[in-house]
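J.: Structure for this input, please:
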Amino acid sequence: LVSCAIGAISAKYDDTFIRLILGDGYVNMTNDNIAKGDPFGVYKQQNPLMMFIQIGANNIFVSLYTYVLGIIFSFGSIVSLFRNGVMLGSFQYFFFSKGLGIQSVLVIWIHGTLEISAIVLAGAAGLVLGNSFLFPKTYTRMASVLKGAKDGLKIVLGLVPIFIVAAFFESFITRHTEMHWTLSGFILISSAAFIIWYVFIYPRKIYLQTQLN
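T.: Okay, the predicted model is just below:
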């Protein structure tokens, strides 16, 4: 949240910051799409199947990369999450500055709810890995790192289905920017509810069951 706020504030007070973070090509293309009356046209330009494959593969790679960076004393994963947060904050501010804030939330967060949540969880997996090296507790450092790597990898692998669904939404659903806000809102809220269940409720249920057994 802090990095998102930094990204948004930086974008607000520095006109060049958005271009630095998102690139001139994306900003110019989006400005052109806004002028044409189709601000989210970027999601309609590519073949949906190819888009699905590319986005899914890229997000899985990013999550693995964020996880592996955790071996650098957890610092690597923190930097990766911070960088993504700044990018997200500036990206979202860009649309709010154009008077498209609510519309951008209803369109982009159809897939973004799952995607961003999963990337944050990949960062958490990286912290598990990094902290296992920094704080071995009663284990030898090597044994602690191996255990941390295994636990972190379980988290990352558990995110793969989420990234696949997010890629499906982005490729096949998000492009329908004309859909009624109630439908996009339902998808967004359902995605958020799933993340809460998957990350907090379900693991706690499993933990309590193992304690009883």
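
J.: Could you use CA atoms for every contact and neighbour count after this?
T.: OK.

J.: Report the residue spans of this protein with pLDDT below the cut-off.
T.: 213 (pLDDT under 70).

J.: Name the nearest residue to Val156, ignoring sequence neighbours.
T.: Closest residue to Val156 in three dimensions, ignoring its sequence neighbours and counting by CA to CA, 6 or more residues apart in numbering: Ala122, at 5.7 Å.

J.: In terms of helices and strands, where is that neighbour?
T.: If you go by DSSP states H and E, Ala122 is part of helix 101-134.

J.: in this structure, which spans are helices?
T.: 2-13, 17-22, 24-35, 48-68, 75-97, 101-134, 141-168, 181-196, 202-212 (DSSP state H).

J.: Switch the ones you listed over to CSV, and while doing so, append distance to Gly41 and mean neighbour count to every line.
T.: Shown next, in CSV, are the helices of the chain (distance: least, CA to CA, whole Å; neighbours: other CA atoms under 10 Å):
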stretch, distance to Gly41, mean neighbour count
helix 2-13, 22, 18
helix 17-22, 16, 17
helix 24-35, 6, 14
helix 48-68, 13, 19
helix 75-97, 13, 20
helix 101-134, 11, 23
helix 141-168, 17, 19
helix 181-196, 17, 16
helix 202-212, 37, 11
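
J.: nearest to Val42, of the ones you listed?
T.: helix 24-35 (7.4 Å; CA to CA).

J.: Residues contacting the closest one, please?
T.: Outside of helix 24-35, the residues within contact range by CA atoms under 8 Å, 6 or more residues apart in numbering are Ile18, Arg19, Pro39, Phe40, Gly41, Val42.

J.: make it 7 Å
T.: With contact meaning CA atoms under 7 Å, 6 or more residues apart in numbering, helix 24-35 is reached by Arg19, Pro39, Phe40, Gly41.

J.: need the residues you listed in JSON lines with distance to Ser117, can you?
T.: Output for these, formatted as JSON lines (distance: CA to CA, whole Å):
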{"residue": "Arg19", "distance to Ser117": "25"}
{"residue": "Pro39", "distance to Ser117": "24"}
{"residue": "Phe40", "distance to Ser117": "22"}
{"residue": "Gly41", "distance to Ser117": "24"}
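
J.: residue contacts, the spatially most central residue of the chain?
T.: Centroid-nearest residue in the chain, with CA atoms, centre = their mean: Ile116, separated by 1.8 Å. Ile116 sits next to no residue when contact means CA under 7 Å, 6+ apart.

J.: now it: how far from Thr140?
T.: Counting by CA to CA, to the nearest Å, the gap from Ile116 to Thr140 is 34 Å.

J.: Over to Trp197?
T.: For Trp197, the distance to Thr140 (CA to CA) stands at 34 Å.

J.: What is the distance between stretch 186-206 and the centre of its chain?
T.: A distance of 15 Å separates the centroid of the chain from that of stretch 186-206, by CA atoms, centre = their mean, to the nearest Å.

J.: do stretch 136-147 as well
T.: So, by CA atoms, centre = their mean, the centroid of stretch 136-147 is 30 Å from its chain's centroid.
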